[in-house]
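> quick one: sequence plus predicted model below, questions after.
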Amino acid sequence: MARVLVTGASGRLGRVVVPRLTEARHEVRAMSRTKRADADGVTWVIADVDQRDQALDDALQEIEVVVHLASNRATADATDVEGTSNLLAAAEAAGVKHLLYVSIVGIDELPLPYYQAKLAAEQAIAGSSVPSTIFRTTQLHELLSEWLVTAAGIGGGPAMIAGGTRFRPVASSEVADRVVALIKGGAAGRVRDLAGPETLNAPELATRHARKTKQRVTLYPAEAGTVAAAFLGAAHLGNRCDLGTVRFGD
């Protein structure tokens, strides 16, 4: 088994990936910007990919595999672009044998600033001397649920999502399982994307979400130039992806 560092370990996907790695008997070092208590075979370290400093170098010492999940839509240039460059430099200095990056389906076709930052991170990884794997997925179940809840606004009012959008949500558990399998297989460059088993339009997402949360969702037309409008096409749905089995309604 390998000594694995997980960046973004306390995030939406990291919280699922870390226990999967320990179940697979990997020695896990989880990285966070805040102090956390070690537990369940996981050693937590304080470091930030935004900073190329001693803390980041120390976090990578004796690490064989890095699972790079750290990402921030609000600070994408600092975290996803510069942060990935910082991590690559530290990983190269530490002799890391494999860096696995979880990315997003469609980032090379959708003109969203966050997606362009993710694409720049992919390009930096592919051009690095550190052996790597780039693994893209569609939107996580949890992310779409959070979008609906966040959009509800203040006072518990109805959420709004563009009625014409479609998504192919994938379960974080299945993404985490694939991460574990990819670590076992070693550096493989760009691998097949993973998507959920069904394509759902906004009314279908809203209906399934309402069944679980009892929250009404109001649909509205997407306006040109908005983030919602970028999801009116099909680039983010993937093409010839591997498909998971867990449905959004599950």
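Everything's here; your move. Residues are numbered from 1 along each chain as shown.
> can you name the helix or strand that the residue nearest to Ile107 when sequence neighbours are not counted falls in?
Distances taken as C-beta to C-beta, 6 or more residues apart in numbering place Tyr115 nearest to Ile107, at 4.1 Å, with adjacent residues excluded. Where C-beta positions appear, they are placed from N, C-alpha and C, glycine not excepted. For Tyr115, the element it lies in under DSSP states H and E is helix 113-126.
> what comes up buried for that helix?
Of all the residues in helix 113-126, those buried under the rule 16 or more other C-beta atoms under 10 Å are 114-122, 124-125.
> coming back round to it: now do the same for the residue nearest to Ile107: its pLDDT.
With respect to pLDDT, Tyr115 has a value of 95.
> do Ala224 as well
Checking the pLDDT column for Ala224, the value is 61.
> Gly153 too?
50.
> with Gln139 instead?
Gln139 is assigned a predicted lDDT (pLDDT) of 95.
> my read is that it contacts Ser172, right?
No - because the distance of 10.5 Å does not satisfy C-beta atoms under 8 Å, Gln139 is recorded as not touching Ser172.
> if you skip the residues just before and after it, what's nearest to Ala187?
Of all residues beyond its chain neighbours, the one nearest Ala187 is Pro131 (3.5 Å), with distances taken as C-beta to C-beta, 6+ apart.
> Val246 too?
Closest residue to Val246 apart from its sequence neighbours, by C-beta to C-beta, 6+ apart: Ala171 at 3.7 Å.
> what sits against that neighbour?
Counting by C-beta atoms under 8 Å, 6 or more residues apart in numbering, Ala171 touches 140-141, 196, 244, 246, 250.
> and for Ser71?
Under the criterion of C-beta under 8 Å, 6+ apart, the contact list for Ser71 reads 8, 11, 79-80, 118.
> about what we covered before: can I get the contacts of Ala171 in CSV with neighbour count and distance to Ala188?
As requested, these are exported to CSV (neighbours: other C-beta atoms under 10 Å; distance: C-beta to C-beta, whole Å):
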residue, neighbour count, distance to Ala188
Leu140, 21, 22
His141, 23, 26
Gly196, 27, 22
Gly244, 23, 19
Val246, 15, 24
Asp250, 9, 29
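> quick one: low-confidence parts of this structure?
Judged against pLDDT under 70, the low-scoring parts of the chain cover residues 149-161, 222-226.
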